[in-house]
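>>> Got a predicted structure plus its sequence, pasted below:
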Amino acid sequence: MTEQAPPLEGAPLIKPSTTDHPLYESVVEACRTVFDPEIPVNIFDLGLVYTVEIAPESDVNIVMTLTAPGCPVAGEMPGWVADAVEAVPGVKSVQVAMTFDPPWGMEMMSDEARLELGFM
């Protein structure tokens, strides 16, 4: 059994997105077309998309989570996201990884999502 190194103190749990890539906004808009079937808000504004990493060659890697590990669409949601982002002109490839670390919390929602759900 191999031991996992402890996380670096002060290291962020969520890797920063590649916000300066020209495709970033288009990829985010594609993510906003995917909705959690149990909550009438898109996955980006819900805070389910943790990282959008875009390589210089326009390969997109997305790290996302679900509102709960037992979500009934857990097996399907990454495919929905990949399909939406693959349709963005200029995107070469898409990989979607699921994580539950850190676990999703309501504080991760955008103000728009909070308003839509009546929390503001």
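Perfect, thanks for sending it.
>>> How about the most centrally placed residue in the chain: what's its closest non-neighbour residue?
Centroid-nearest residue in the chain: Val49, 1.6 Å away (criterion: Cα atoms, centre = their mean). Distances taken as Cβ to Cβ, 6 or more residues apart in numbering put Met64 closest to Val49, at 4.9 Å, once the chain neighbours are dropped. C-beta coordinates here come from the backbone N, C-alpha and C atoms, glycine included.
>>> pretty sure that neighbour is in contact with Ile43, am I right?
Yes - using Cβ atoms under 8 Å, Met64 is in contact with Ile43, at 6.9 Å.
>>> rewinding a little: okay, and the beta partners of the residue nearest to Val49?
According to DSSP bridges, Val49, Met98 are recorded as the beta-bridge partners of Met64.
>>> list the residues that contact both of Met64 and Ile43?
Shared contacts of Met64 and Ile43, defined by Cβ atoms under 8 Å, 6 or more residues apart in numbering, are found at Val49, Met77, Val81.
>>> Now that we have those residues, can you turn them into a markdown table and tack on distance to Asp59?
Output for the shared contacts of Met64 and Ile43, formatted as a markdown table (distance: Cβ to Cβ, whole Å):
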| residue | distance to Asp59 |
| --- | --- |
| Val49 | 17 |
| Met77 | 20 |
| Val81 | 15 |
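>>> nearest to Pro22, of those residues?
Closest approach between the shared contacts of Met64 and Ile43 and Pro22, by Cβ to Cβ: Val49, at 18.5 Å.
>>> Distance of the closest one relative to Cys31?
Note on Val49: its distance to Cys31, by Cβ to Cβ, to the nearest Å, is 5 Å.
>>> joint contacts of the two?
With contacts taken as Cβ under 8 Å, 6+ apart, Val49 and Cys31 have Ile43, Ile62, Val81 as neighbours in common.
>>> now, which of those sits nearest Ala87?
Of the shared contacts of Val49 and Cys31, the one sitting nearest to Ala87 (Cβ to Cβ) turns out to be Val81, at 11.2 Å.
>>> ok but the closest one is inside a strand, no?
No - Val81: not assigned to a strand; according to DSSP: H, G, I helix; E, B strand; the rest coil it is helix.
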